[in-house]
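Got a sequence here, can you model it:
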Amino acid sequence: MRGVFITIPFLLLIGCGFSNCPKDGDIKAQPVQISVERLEGELFDKQNAEQIAGFLNDHRSFSDIFLDARQYPSDSILANRIYKLIDNPSIDTLYDEAVSAYPDMSMIKSDLETAIGKLKTLYPDTKTPKLQTAVTGLYKDLFISDSLIIVGLDFFIGKGATFTPRDIPQYVLSRYNEEHLASIIVKFLAGQQVANGKTETLLSEMIDFGKTYYLASRMLPCTPDSILLGYTPENMKLIYQNEHVIWANLLENEVLYETSHVIKRKFIGERPNVYEIDEECPGRIGAWVGWRIVEQYMEINDVSIKQLLADSDNDKIFRLSGYKPQSH
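Now for the predicted structure:
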């Protein structure tokens, strides 16, 4: 089981109802049932370190992956540390707020079942992952593999949380909530299906991101583009109105074929704004432009989604997209 920890550093102006999802017909969903284990309740019910040690042994993957149990000489040492943590009044606040924010995981479960079901249509060997939740005192936020997804709910309480992680900037933290959680997971799963471009230019990496967003938007057809991008509705309105300006800036500054990682990060990396374009231009704008290129390429070329994802010739995709936004 290979997986990754996602500490998230990295136009529909209104949401759509379930019966009105504009991209729902792109991929038929296979029936999927994801099992959910709410480990926070089970863990916090333990009365002593010995019972916690038993919990760690019963949930070996969770203990090793999410609590780093292998770093300890024995489970009893980790169990004692966890028992002291649970005994701290501050953790009670985190626990209560997390459980209140997520009385059940039905919305996340439903979205993930839709997404995995569609991915199974494209790739029949796709596994159905188990979903586990936990509260760990803001220790880890998210682990994703093909067979297991672990969510640290205390990271995703959302607006009004009493305690928030100190090392995550506010503009990123604004996405740590239930509304964005499924899309964060699905974007990672979608990205695993994308063949990286042949070149390491900014344009090629923009299109790689574009393929990821294109697939994710088909896996979650009822999720607004603003949620997939992690932008506000105001951001979305601004970039659509100024798409031609954004593109002209990229051309005039001759950055599309840059291979410098420093320069590329300015346009596709996690930042509050891309000041090189405008102080109000949201970060990661290059990823959005890449998505626009991919959307246009798919509209005018007879290409399947699987063919798109497997194609590493991003220069060809750009050329055949005919992408050239005009002022409105």
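
Mind jotting down where the strands sit in the stretch 51-200 of the chain?
Remark: strands assigned in the stretch 51-200 of the chain by DSSP state E, counting those that start in this stretch are 130-134, 142-145, 148-152.

Contacts for the first one, please.
By C-beta atoms under 8 Å, 6 or more residues apart in numbering, the list of residues contacting strand 130-134 from outside reads 34-40, 43, 59, 62, 66, 102, 105, 108-109, 112, 147-153. (C-beta placed from N, C-alpha, C; glycine too.)

now the last one
Strand 148-152 is contacted from outside by 1, 3, 61-62, 65-66, 108, 112, 129-136, 138-143, 181, 185, using C-beta under 8 Å, 6+ apart.

Buried ones among those?
Buried members of the contacts of strand 148-152, counted by 16 or more other C-beta atoms under 10 Å: 3, 61-62, 65-66, 108, 112, 129-136, 138-143, 181, 185.

Could you look up the SS state of K316?
Three-state call for K316 (DSSP: H, G, I helix; E, B strand; the rest coil): helix.

separation between it and E299?
K316 is 16 Å from E299, where distance means C-beta to C-beta, to the nearest Å.

right, and Q193 touches Y123 too?
Yes - counting by C-beta atoms under 8 Å, Y123 is a contact partner of Q193 at 7.0 Å.

which ones are touching G117?
Shown in contact with G117 (C-beta under 8 Å, 6+ apart): 29-32.

Just give me the closest of those residues to S260.
S260 lies nearest to A29 out of those, by C-beta to C-beta, at 41.2 Å.

Quick test: name the residue nearest the centre of the protein.
The chain has I184 as the residue nearest its centroid, 1.8 Å off, counting by C-alpha atoms, centre = their mean.

gap between it and F156?
9 Å.

I305 now?
From I305 over to F156 (counting by C-beta to C-beta), the distance is 29 Å.

ditto for H59
For H59, the distance to F156 - C-beta to C-beta - is 20 Å.

In PDB, list the C-alpha atoms belonging to the host helix or strand of K211.
Here K211 sits within helix 202-219, counting by DSSP states H and E. Output in PDB follows, covering the C-alpha atoms of helix 202-219 (Å, rounded to 0.1, in the frame of the first residue of the first chain):
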ATOM      1  CA  LEU A 202       5.800  25.800 -17.000                       C
ATOM      2  CA  LEU A 203       3.300  25.300 -19.800                       C
ATOM      3  CA  SER A 204       3.700  21.500 -19.600                       C
ATOM      4  CA  GLU A 205       3.200  21.500 -15.900                       C
ATOM      5  CA  MET A 206       0.200  23.800 -16.200                       C
ATOM      6  CA  ILE A 207      -1.300  21.200 -18.600                       C
ATOM      7  CA  ASP A 208      -0.500  18.400 -16.200                       C
ATOM      8  CA  PHE A 209      -2.500  20.300 -13.500                       C
ATOM      9  CA  GLY A 210      -5.200  20.900 -16.100                       C
ATOM     10  CA  LYS A 211      -5.600  17.200 -16.700                       C
ATOM     11  CA  THR A 212      -5.900  16.600 -13.000                       C
ATOM     12  CA  TYR A 213      -8.600  19.200 -12.600                       C
ATOM     13  CA  TYR A 214     -10.400  17.900 -15.700                       C
ATOM     14  CA  LEU A 215     -10.600  14.400 -14.400                       C
ATOM     15  CA  ALA A 216     -11.500  15.500 -10.900                       C
ATOM     16  CA  SER A 217     -14.300  17.700 -12.200                       C
ATOM     17  CA  ARG A 218     -15.700  14.600 -14.000                       C
ATOM     18  CA  MET A 219     -15.300  12.400 -10.900                       C
END
